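Asks: show me the folded form of this:
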Amino acid sequence: MTASIAAALSPDVAEPATTTYREACRAALRAALLADERVFLMGEDVGRYGGCFAVSKGLLDEFGPERVRDTPLSESAFVGAGIGAALGGLRPIVEIMTVNFSLLALDQIMNNAATLLHMSGGQCAVPLVIRMTTGAGRQLAAQHSHSLEGWYAHIPGIRVLTPATVDDARWMLGPALADPDPVLIFEHGSLYNASGVVSPDGSGIDIARAAVRRPGRDVSIVTYGGTLPHCLDAAVRLADEGIEAEVVDLRVLRPLDDAAIRATVARTHRVVVVDEGWRSGSISAEVSARIMEQSFWELDAPVERVCSAEVPMPYARHLEEAALPRAPAIVAAARRTVRGG
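Replies: Numbers count the residues shown, from 1 in each chain. Alright, predicted model coming up:
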């Protein structure tokens, strides 16, 4: 049965070759619901409203209220219910509307979901998937705009995914549901309208390895999630200056793909880490530390980091853009590593 979840395929459902990130997420949910009757979706407004970001639109009509469940406004309660359902043999997908409000369920995630397999001596697995929207860039102010996935990547016992492409959004959910450990999937809000090509079967997509999105020889730009498009934009601008940047999408923040990080450092010998989280105690800090520990002698320049300003995310458009890691700052950091100054 878990093989059917991992595949999450439905040959009866024709998916367009090109689709949006939002539609890819919906297709993944629909395929998972079709593949295994143990799978169900629950969260705030996922049913009648179709999801705050319209990801689950239409699923209630197709699968009914037993499989697509609207919940009360209590993150701790419905995440706890999801943990209980997973312990009871179901495969729940819990949606938390935004990452900021996931902190209300942090006790359930860290002290229950992440620890029960360990504390039970391997007897009580928690095959739970928690989806949530993360990130800024949409003028939703500080309570709806932060990138806290790095906090969750600190916790042993869970897997943390950050799909940044339409293909990953479509195909990472199946393997996540098959994982015996809790899996947190962070969907950046700025990506929902992005479009791209979906592969027919998701071959080559997993929940363990990073992906090289653009090859290069001069500098590695290591990133994840919503900053990937800005890093690819920066790479194009750098190419106009004769600097070939390799862009690496981490995709999985816990466990980090150390082999991929070491490999890109060995190819380019210079690294810029781009992270929408705050600089202090961030994923960028962890990646930088691992490069220093594992690949120090491969470096020809210090590791650069481009992160969000350490302020609550502003509401005003110009201030929000100034606070976020964007292509000009990424280009400047890459230029410093290659040319100095």
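Asks: tell me where the protein has strands.
Replies: Taking DSSP state E as the test, the strands found in the chain are 18-20, 39-43, 68-70, 91-98, 129-134, 159-161, 183-188, 195-197, 211-214, 219-223, 245-249, 252-254, 271-278, 304-308.
Asks: just the ones you listed: most buried one?
Replies: Burial of those is given as mean neighbour count (mean count of other Cβ atoms under 10 Å); strand 219-223 ranks first at a mean of 29. Glycine gets a C-beta too; all of them are placed from N, C-alpha and C.
Asks: that one pairs with which strands, parallel or anti?
Replies: strand 245-249 (parallel), strand 271-278 (parallel) (DSSP bridges).
Asks: what angle do it and strand 304-308 make?
Replies: 30 degrees (axes from the mean of the first three to the mean of the last three Cα atoms, to 10 degrees).
Asks: follow-up on the earlier one: need the strands paired with strand 219-223 in TSV with mean pLDDT, can you?
Replies: Converted to TSV, those look like this (pLDDT from 0 to 100):
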stretch	mean pLDDT
strand 245-249	98
strand 271-278	97
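Asks: Throw these into CSV and include distance to Leu90, thanks.
Replies: Compiled in CSV, the strands paired with strand 219-223 are given as follows (distance: least, Cβ to Cβ, whole Å):
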stretch, distance to Leu90
strand 245-249, 31
strand 271-278, 32
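Asks: so which of these gets nearest Gly43?
Replies: Evaluated over these, closeness to Gly43 peaks at strand 271-278, with 23.1 Å, by Cβ to Cβ.
Asks: please produce TSV containing the strands of the chain, extended by distance to Arg339.
Replies: TSV is the format used below for these (distance: least, Cβ to Cβ, whole Å):
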stretch	distance to Arg339
strand 18-20	38
strand 39-43	48
strand 68-70	54
strand 91-98	40
strand 129-134	34
strand 159-161	35
strand 183-188	31
strand 195-197	33
strand 211-214	20
strand 219-223	10
strand 245-249	13
strand 252-254	31
strand 271-278	13
strand 304-308	12
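Asks: relative to Leu60, which of those is closest?
Replies: Short answer: strand 68-70, nearest of those by Cβ to Cβ, at 4.4 Å.
Asks: so which elements touch the closest one?
Replies: With contacts taken as 3 or more Cβ pairs under 8 Å, 6 or more residues apart in numbering; DSSP states H and E, strand 68-70 sits against strand 39-43.
Asks: so how far is the strand it packs on off the chain centroid?
Replies: Distance, stretch centre to chain centre, for strand 39-43: 19 Å (Cα atoms, centre = their mean, to the nearest Å).
Asks: tell me which other helices or strands it touches.
Replies: helix 21-35, strand 68-70, helix 75-87, strand 91-98.
Asks: quick one, domains of the chain?
Replies: As assigned by automatic domain parsing, the chain contains the domains 2-9+16-197, 211-339.
Asks: lowest-confidence stretch among these?
Replies: Note on those: lowest mean pLDDT is at domain 2-9+16-197, with a mean of 93.
Asks: and the spatially most central residue of the chain, what is it in contact with?
Replies: By Cα atoms, centre = their mean, the mean C-alpha position of the chain lies nearest to Thr162, the distance being 1.2 Å. Neighbour list for Thr162: Thr134, Glu149, Ile185, Phe186, His188, Tyr224, Gly225, Leu250, Arg251, Val252, Leu253 [criterion: Cβ atoms under 8 Å, 6 or more residues apart in numbering].
Asks: so the fourth one sits against Ile158, correct?
Replies: No. Checked against Cβ atoms under 8 Å, the pair Phe186 and Ile158 is beyond contact range at 11.9 Å.
Asks: will you turn the helices and strands packed on strand 39-43 into JSON lines that also has distance to Ile205?
Replies: As requested, those are arranged in JSON lines below (distance: least, Cβ to Cβ, whole Å):
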{"stretch": "helix 21-35", "distance to Ile205": "11"}
{"stretch": "strand 68-70", "distance to Ile205": "25"}
{"stretch": "helix 75-87", "distance to Ile205": "23"}
{"stretch": "strand 91-98", "distance to Ile205": "18"}
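Asks: compare those and give me the one nearest Arg48.
Replies: strand 68-70 (6.4 Å).
Asks: can you list the strands that the closest one pairs with?
Replies: strand 39-43 (parallel).
Asks: what angle do the partner strand and helix 75-87 make?
Replies: Per the same axes, to 10 degrees, the angle that strand 39-43 makes with helix 75-87 is 170 degrees.
Asks: can I get strand 39-43 in CSV, CA atoms only?
Replies: Listed next in CSV are the C-alpha coordinates belonging to strand 39-43 (Å, rounded to 0.1, in the frame of the first residue of the first chain):
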residue,chain,number,x,y,z
VAL,A,39,-5.2,9.6,2.9
PHE,A,40,-7.3,12.6,3.9
LEU,A,41,-6.8,16.4,4.0
MET,A,42,-7.7,18.7,6.9
GLY,A,43,-7.1,22.3,7.9
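Asks: give me the residues contacting that strand.
Replies: Contacts of strand 39-43 (Cβ under 8 Å, 6+ apart): 5, 29, 32-33, 56, 59, 66-71, 78, 81-82, 85, 90-97, 131, 177.
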